[in-house]
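**Student:** Show me how the following folds:
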Amino acid sequence: MNSTLLFVLLLVSIVMAARLLDTWMKQRKQPTQADNSETEEALGKIDELEERVRVLERIITENRFDLKREIDEL
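**Tutor:** All right, here's what the predicted structure looks like:
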């Protein structure tokens, strides 16, 4: 009787551990909605910063900027 009870408890604990492991693996694979929104927000900020850098590069490389700097140096 004692060995039968031990076998049942062992079987139940193995099944519970397998389900727990399965649930943990599924949650680990799927990104959460919060992660997706944070990623989208970060990508939006990166796009804005890239556009600002493009504008600054365009301003710096214009001939008028060089002329204005030369005038300011006089």
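**Student:** can we go C-alpha only for contacts and neighbour counts from here?
**Tutor:** Will do.
**Student:** how about the helices in this structure?
**Tutor:** Counting by DSSP state H, the chain has helices at residues 2-29, 33-61, 63-73.
**Student:** Export those as JSON lines, with columns for mean pLDDT and mean neighbour count.
**Tutor:** Formatted as JSON lines, the helices of the chain follow (pLDDT from 0 to 100; neighbours: other Cα atoms under 10 Å):
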{"stretch": "helix 2-29", "mean pLDDT": "90", "mean neighbour count": "11"}
{"stretch": "helix 33-61", "mean pLDDT": "85", "mean neighbour count": "11"}
{"stretch": "helix 63-73", "mean pLDDT": "71", "mean neighbour count": "10"}
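**Student:** Can you pull the domain assignment for the protein?
**Tutor:** Residue ranges for each domain of the chain read 1-30, 33-74, as given by automatic domain parsing.
**Student:** gap between the first one and the chain center?
**Tutor:** Going back to what we said before, that points to domain 1-30. With Cα atoms, centre = their mean, to the nearest Å as the basis, domain 1-30 stands 32 Å off its chain's centre.
**Student:** From Met16, how far out is Met25?
**Tutor:** 14 Å (Cα to Cα, to the nearest Å).
**Student:** try Thr61
**Tutor:** 66 Å.
**Student:** same check, this time on Arg54
**Tutor:** 57 Å.
**Student:** ditto for Lys45
**Tutor:** From Lys45 to Met16 the distance is 44 Å (Cα to Cα).
**Student:** same check, this time on Leu5
**Tutor:** 17 Å.
**Student:** and if you look at Leu10?
**Tutor:** Taking Cα to Cα as the measure, Leu10 falls 10 Å from Met16.
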